[in-house]
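Trainee: return atomic coordinates for the entry below.
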Amino acid sequence: MQRKAYVPGVAALLAAVLAGCTGGSGDGATADDSHPGNAGTATPAAQPGKYRTLPEPCGAVDRDTLDELLPGIRQITDEERREKAYAGQATVTFDTDRKVGCQWKVESPGATDHLLIDFERVVSYDGAVSDDAQAEQLYAAKEADAHLPEPTVTDSATGPGTAEGGTDAASSPGPDASPSTSASPSGSASPSSSAPSSPSSSSPSTTPADLQPRVLDDLGDEAFLDDELSNSGSTVEQRTVTVAFRTSNVIVTIEYAEQPTTVGVVPDSKEMQDRARKLASQLADSLSG
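Mentor: Coordinates of the predicted model:
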């Protein structure tokens, strides 16, 4: 009787062992299946930027735009000199696949106008950093160097005074509102058809919020505008408006400067900013087209 009771017990034990082995095999399969998953978590190579080439810079600005930015160009009577002025001069670069630019300088009885455009295509040589991410870093450094003031919180408005009808991060009542209520280094706003930009004989110390250096939110992936008024020597004041923007892995910079010939005359800030922003929008559209 004891012997018969023992045999079934052994059989039960063997069955339990076999079941355990089967379960262990299942667990092992699960562990084995986890290895491919671990291999799949490897960081993929960073993606290249959208742009592989750059435009021809001296041909990137059409003649109508040059007429507006450089009013004296239409006053050049000698046809050969006028054509040379329209053609501009390419900036010196050692790698036209990565960086190109063009500059124009035109003198007129009222002022001397300068225009510079610069295109930089950013390429990352770090496999873990994309071209776009590298461009973001370079653009951020460029914006930091501009030392933009903190934005002023005001009512936003749209209108013809903003490029493509957009708004700024620090915009105030639109261009239809008279700026005479605020002091401005450019004086009263004047028609954009003036040539050169309509000057002001006074130079107050403050600038309306919508004309201060600021971040722009309607241009490329990110953009900013800087506006500086400086003295050449101790009498003549030159205004330089800079618009810089990034789209994917290309950074575009526009520098537009005007120096009046008359002592005490100050170039109009709003008019110069409008012209520079209009050109920036055109260049951004040409890149995306």
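
Trainee: nearest spatial neighbour of A46, chain-adjacent residues omitted?
Mentor: Once flanking residues are discounted, A46 sits nearest to S130: 3.9 Å by CB to CB, 6 or more residues apart in numbering. C-beta coordinates here come from the backbone N, C-alpha and C atoms, glycine included.

Trainee: over to E136?
Mentor: In space, E136 is closest to R246, 7.1 Å off (CB to CB, 6+ apart).

Trainee: so where does that neighbour fall, helix or strand?
Mentor: Using DSSP states H and E, R246 falls within strand 236-247.

Trainee: now do the buried residues in the next helix or strand after that strand.
Mentor: The helix or strand immediately downstream of strand 236-247 is strand 250-260, counting by DSSP H and E. Judged by neighbour count (16 or more other CB atoms under 10 Å), strand 250-260 contains these buried residues: V250, I251, V252, T253, I254, E255, Y256, A257, E258, Q259, P260.

Trainee: contacting residues around the first one?
Mentor: Remark: with contacts taken as CB atoms under 8 Å, 6 or more residues apart in numbering, V250 is in contact with G49, K50, Y51, L54, F119, E120, R121, V122, A135, L287.

Trainee: can you tell me which of those residues are in strands?
Mentor: Per DSSP state E, strands hold the following members of the contacts of V250: F119, E120, R121.

Trainee: residues in contact with the residue nearest to A46?
Mentor: Taking CB under 8 Å, 6+ apart as the criterion, S130 is in contact with A46, Q47, P48, G49, S124.

Trainee: ok, now A45?
Mentor: Listed by CB under 8 Å, 6+ apart, the contact set of A45 reads G127.

Trainee: equivalent analysis for D145, please.
Mentor: D145 neighbours (CB under 8 Å, 6+ apart): none.

Trainee: wait, a helix at it?
Mentor: Yes - under DSSP: H, G, I helix; E, B strand; the rest coil, D145 sits within a helix.

Trainee: may I have the predicted confidence score for it?
Mentor: Listed pLDDT for D145 reads 96.

Trainee: also A46?
Mentor: pLDDT, A46: 80.

Trainee: again with T43
Mentor: pLDDT, read off for T43, is 64.

Trainee: can you pull out the helices in the stretch 101-250 of the chain?
Mentor: Assigned by DSSP state H, counting those that start in this stretch, the helices in the stretch 101-250 of the chain fall at 131-146.

Trainee: C102 against C58, yeah?
Mentor: Yes - taking CB atoms under 8 Å as the definition, C102 is a contact partner of C58 at 4.0 Å.
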